[in-house]
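the following comprises the amino acid sequence and a computationally predicted model.
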Amino acid sequence: MPAPAPFVPKPAWLAACYIIASTMIAMTQGLGLNLVTANLYQIQGPLGATLNETVWLSAAYLAPNVSLTLLLTKMRAQFGLRNFATAAILAFVAVASLHLTVDDIQSAIVVRFFAGVAASPMSSLAFLYMLESFPPERKMTVGVSLAMTNLSIAAPLARLVSPRLLDLGDWNGLFLLETALALVSFCLIRLLPLNSPPKTPVIEPMDVVNYVFIAVGLGSIAVVATVGPFYWWFEAPWIGGLLAVGVASLTVAVVIELNRANPLIDIRWITSREILHFAGTLLLFRLLLSEQASGATGFFQVLGLKNEQMTTLYLVMIGSAVAAGLVCTLIVRPGRAPYIHIVALSFLIAGSLMDAQATVLTRPEQMYLSQGLISAAGVLFLPPAMAVGFGSAMKKGMNYILSFLIVFLTTQSLGGAIGSAVFRTFVTVREKFHSNQIAESVVLSDPVVAARIAQLGAAYARVLPDAALRQAEGLALLGTQATQQANVLAYNDAFLATAVLAALGLAALLLHLAVTVLRTRLAPSPSAAVPS
């Protein structure tokens with residue numbers, strides 16, 4: 001892999017233009033990723049699909065997206081950054097436009113697959129345009145912090161704008177904005193070229209062969225993690241088969257890479273103690289952040305709230321993320337990552353514990369503070385972690401950048417899908433537990449239960465003169481309320497579990513810091529080791 005192009009200072013106005021371009025590209029890619037996920041229930045009608053069928057839209061997008069950046073990094077080096085950027089944005093514009101012609105679930109799944117392919121270079125371009133504006137000493141501090149902030153606000157932004165886009169034209173309306181942003185991004189990429197290193201032939205035939213195994217492996221796992229909670233893990237035998245295919249493909253890829261002179265990914269470096277610790281930390285935090293991605297929104301959906309009723313909550317999330325990103329630009333420095341992570345984990349623990357007190361009467365305004373803390377935690381955690389991992393890879397040489405990318409992207413893209421799957425599964429299991437507990441206490445011979453059924457059935461007195469029918473309706477309403485209460489208790493359990501895991505992570509981090517400090521103090525000084 002070639003060394004990065006030398007830094008060329010830019011006037012302040014031009015540097016600002018590159019930052020705007022990075023933000024525009026990040027929003028384009030982020031909306032494409034999150035618009036469907038944020039509206040799975042709303043797009044069933046326009047596409048004539050069930051919920052399980054619409055979930056395949058997310059799975060089709062993630063299947064190629066989780067791995068393609070790995071191969072595209074070498075393509076960028078071999079064919080030139082400007083040619084790569086132009087081809088990438090043209091492909092994205094074309095696929096975004098295809099969304100406007102879709103009106104059934106089968107064609108939608110095909111388009112979403114190609115959308116996942118076309119979107120793979122976009123996050124890299126967003127990073128490169130942001131880093132272009134800053135000198136080398138500020139790229140891993142200010143540049144990375146701002147780039148990660150842009151990518152973090154895409155999910156709440158998608159939910160914020162979705163109601164108006166759906167009003168414009170259902171499924172097609174969702175992608176009107178994305179197509180417009182893609183066209184604007186195309187203009188910015190053509191007007192603002194990146195400082196490109198010289199082209200270098202780095203792609204070997206075995207890179208392509210082995211990438212196929214990596215793509216099949218990671219793509220299969222992404223599909224399983226996405227659809228598993230909806231089809232349920234043990235109810236659909238093909239889920240196990242697909243998972244076995246994914247594991248087998250990754251095993252073949254590892255065997256090939258271990259026996260290559262110039263591997264696409266350095267497996268030995270990835271499995272070193274330092275990188276395993278780094279990957280485990282990223283994966284754990286990505287799982288914990290599912291509390292916001294799947295927890296808060298899922299909780300309010302259970303209570304019957306729509307995206308348009310949570311507008312202020314999403315604004316709070318966005319504002320908190322932006323504020324945390326700006327703070328991060330000021331405090332991220334080499335050696336400070338553990339202390340910033342302590343603050344991030346503390347925010348996550350506090351926010352999750354607040355959410356664990358929710359009831360059926362909880363509304364978005366009661367979660368402004370907690371969700372703001374969790375949103376800030378995500379932005380505070382990732383920039384210093386990425387700077388540490390990137391610095392470790394740079395010390396080993398440019399060829400290790402690809403290995404670092406696969407670690408980072410796998411823990412983020414695939415980790416996000418796995419985190420949501422684990423969260424949904426945990427909530428489902430706990431909901432069944434609480435439903436059984438509540439059902440055991442609902443006995444018709446209980447005077448309190450009988451009075452509650454009569455009260456609920458009285459609402460139908462004007463339309464149902466038959467007392468038996470009114471009692472049946474009252475019993476049905478009581479069952480609905482019991483199910484809702486079980487769901488609330490299940491989400492509270494999930495929020496509490498998130499807080500416990502974050503607390504364990506914080507305890508492990510504090511212990512690691514204490515051991516490091518103790519070893520430093522007990523180590524003999526260099527002067528004492530020199531004989532007199």
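Received, thanks.

longest helix of the chain, counting residues only.
helix 467-522 (DSSP state H).

setting aside sequence neighbours, what's the nearest residue to Leu168?
Leu176 (6.1 Å; Cβ to Cβ, 6 or more residues apart in numbering). Every C-beta, even on glycine, is put in place using the N, C-alpha and C of the backbone.

again with Val224
Here the residue nearest Val224, using Cβ to Cβ, 6+ apart, is Leu243, at 4.9 Å.

how about the one helix or strand the one you found maps to: buried residues?
Mapping Leu243 onto the secondary structure by DSSP states H and E places it in helix 237-258. Residues Ile239, Leu242, Leu243, Val245, Gly246, Ser249, Leu250, Val252, Ala253, Val254, Ile256, Glu257 are the ones in helix 237-258 that count as buried (16 or more other Cβ atoms under 10 Å).

thought Gln78 was touching Lys199?
Yes. Using Cβ atoms under 8 Å, Gln78 is in contact with Lys199, at 6.3 Å.

do you know the pLDDT at the residue nearest to Leu168?
The model reports Leu176 with a pLDDT of 82.

against Asn34, how distant is it?
Going from Leu176 to Asn34 by Cβ to Cβ, to the nearest Å gives 16 Å.

from the buried residues of helix 237-258, which has minimum pLDDT?
Glu257 (81).

what's the distance between it and Ala497?
Glu257 sits 36 Å away from Ala497, going by Cβ to Cβ.

over to Ala337?
On the measure of Cβ to Cβ, Ala337 and Ala497 end up 26 Å apart.

now Trp238
From Trp238 to Ala497 the distance is 29 Å (Cβ to Cβ).

what's the mean pLDDT across the longest helix of the chain?
Helix 467-522 comes out at a mean pLDDT of 83.

can you tell me the helix or strand for the nearest residue in space to Leu477 that is not next to it in sequence?
Computed as Cβ to Cβ, 6+ apart, the closest residue to Leu477 that is not its neighbour in sequence is Leu456, at 4.3 Å. In this structure, Leu456 is located in helix 447-457 according to DSSP H and E.

packing partners of that helix?
Under the contact criterion of 3 or more Cβ pairs under 8 Å, 6 or more residues apart in numbering; DSSP states H and E, helix 447-457 touches helix 467-522.

so the helix it packs on versus helix 447-457, what angle?
Orientation of helix 467-522 against helix 447-457 (axes from the mean of the first three to the mean of the last three Cα atoms, to 10 degrees) gives an angle of 110 degrees.

ok, Ala94 to Ala16 distance?
29 Å.

likewise for Gln309?
36 Å.

before we move on, the earlier item: show me what contacts the residue nearest to Leu477?
By Cβ atoms under 8 Å, 6 or more residues apart in numbering, the residues touching Leu456 are Glu473, Gly474, Leu477, Leu478.

re earlier: wait, which of the buried residues of helix 237-258 is closest to Ser435?
Lowest distance from Ser435 to the buried residues of helix 237-258 (Cβ to Cβ) belongs to Ile239, with 24.2 Å.

nearest residue to the middle of the protein?
Nearest residue to the geometric centre of the chain (Cα atoms, centre = their mean): Gly416, 4.3 Å.
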